[in-house]
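> Need the 3D shape of this:
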Amino acid sequence: MTMLNCIIIDDEQFSVDALLKYIHLLPMLNISAIYTDPLLALSSASCAEDIDLVFMDVDMPALSGIELAAVWRTKTEKLIFTTAHSKYAFEAFEVAADAFLLKPFSFAKFSITINRLFPQKYDSGTGKEYFLVKSKDDDLAIIKVKFDEVIAFESAQNHIKIYQSGDRVLTAYLTLKDVLQLTRSRPEFLQLHRAFIISTEHIGQIKGTTVLMNNQLSFHVGDIFREQFTAYVDEKLLVRARPH
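Take a look at the predicted model:
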């Protein structure tokens, strides 16, 4: 498994601790340094090497994260601002930040962001990629879900049902937007209905515009997704070659 070397720059220790808790849940992330003094972070930037990701607060004494980012941006592959103030979003864009996490952010949001920025490195170490979510039905226990075992994601009010192989169903506090970000680098996942994102690897049958999944879940392809659906079928459908 390829490790990602990370640096945290945040003057508030409780924010550092909260971030460390999430980082320790993702085995591919490795902490290279932590700076609670932005001036020390500034002086240390010149000798920084092999940094993949910087988590940086914005509102800090003596030197703001926006100012500090001008120095660190060339030292890291990705830069994520972590702040309690949404008013800094435009400034974050101006210094070419790769993501903006508004405190307090959930672990789901955190892991989705990491997966989006490093889709090829988000690996379990066994060749089977996965993601982590908090289960609504298990007292918010953190559950590992393998992508290749996901049959479908279904939007249900303020949460998402995750249908998995073996008739397992997990309920998580996510949105379809979160799922779209999570699966954006995985072409086997398609949204063919306003409430469903499905894995084409688990399609059982297609009858007209009705899709039946391997777990017997079925739905009608929505009108706005018809073009994408037709393109998928045309690409995958094996037909008899016409005689010359």
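
> what residue is smack in the middle of the chain?
Relative to the mean C-alpha position of the chain, the nearest C-alpha, by CA atoms, centre = their mean, is the one of Ile112, at 1.7 Å.

> What residues does His220 make contact with?
By CB atoms under 8 Å, 6 or more residues apart in numbering, the contact set of His220 is His193, Thr209, Thr210, Val211. From N, CA and C alone the C-beta is placed, and that goes for glycine too.

> Wait, the residue nearest to the centre of the chain touches Gln181, no?
Yes - with contact defined as CB atoms under 8 Å, Ile112 reaches Gln181; the gap is 5.2 Å.

> tell me the secondary structure for the residue nearest to the centre of the chain?
For Ile112, the secondary structure call by DSSP: H, G, I helix; E, B strand; the rest coil comes out as helix.

> Tell me which helix or strand comes right after the worst-scoring helix or strand of the chain on mean pLDDT.
Scoring the helices and strands of the chain by mean pLDDT, DSSP states H and E places helix 89-94 at the bottom, with a mean of 56. Note on helix 89-94: by DSSP states H and E, the next helix or strand toward the C-terminus is strand 99-102.

> Check which residues of that following strand are buried.
For strand 99-102, a neighbour-count test (16 or more other CB atoms under 10 Å) marks Ala99, Phe100, Leu101 as buried.

> List just the nearest of these to Ile23.
Ranked by distance to Ile23 (CB to CB), these are led by Leu101 at 12.5 Å.

> For that closest one, which non-adjacent residue is closest in space?
Using CB to CB, 6 or more residues apart in numbering and skipping residues adjacent in sequence, the residue nearest Leu101 is Thr82, 4.8 Å away.

> mind checking the SS state of that neighbour?
Put simply, Thr82 is strand when judged by three-state DSSP.

> For Phe110, which residues are in contact?
If a contact means CB under 8 Å, 6+ apart, then Phe110 has Tyr22, Leu101 as its contacts.

> From Thr76, how far out is it?
Here the criterion is CB to CB, to the nearest Å. By it, Phe110 lies 17 Å from Thr76.

> go on, Thr36?
In this view, Thr36 and Thr76 are 18 Å apart by CB to CB.

> Between these two, which is the more surrounded one?
Thr76 (21 against 16; other CB atoms under 10 Å).

> And this structure, split by domain according to the record?
For the chain, automatic domain parsing gives the domain ranges 4-117, 130-236.

> Would you mind finding the most buried of the ones you listed?
domain 4-117 (a mean of 18; mean count of other CB atoms under 10 Å).

> Over to Val58: give its phi and psi.
Main-chain dihedrals, Val58, degrees, to the nearest 10: phi -100, psi -50.

> didn't it look like it was pressed against Thr83?
Yes - counting by CB under 8 Å, Val58 touches Thr83, with 4.0 Å between them.

> hey, what's in contact with both of the two?
Shared contacts of Val58 and Thr83, counting by CB under 8 Å, 6+ apart, come down to Gly65.

> Helices of the chain, residue ranges please.
13-23, 38-44, 65-72, 89-94, 107-117, 176-183, 226-236 (DSSP state H).

> Sketch out the low-pLDDT regions of the chain for me.
1-2, 85-96, 120-128, 239-244 (pLDDT under 70).

> circling back: close enough to count as contact, the residue nearest to Leu101 and Glu12?
No - using CB under 8 Å, Thr82 is not in contact with Glu12; the gap is 10.1 Å.

> any common contacting residues for the two?
Residues touching both Thr82 and Glu12 by CB under 8 Å, 6+ apart: Asp57.

> export the buried residues of strand 99-102 to CSV and tack on distance to Ile160?
Shown next, in CSV, are the buried residues of strand 99-102 (distance: CB to CB, whole Å):
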residue, distance to Ile160
Ala99, 21
Phe100, 22
Leu101, 20
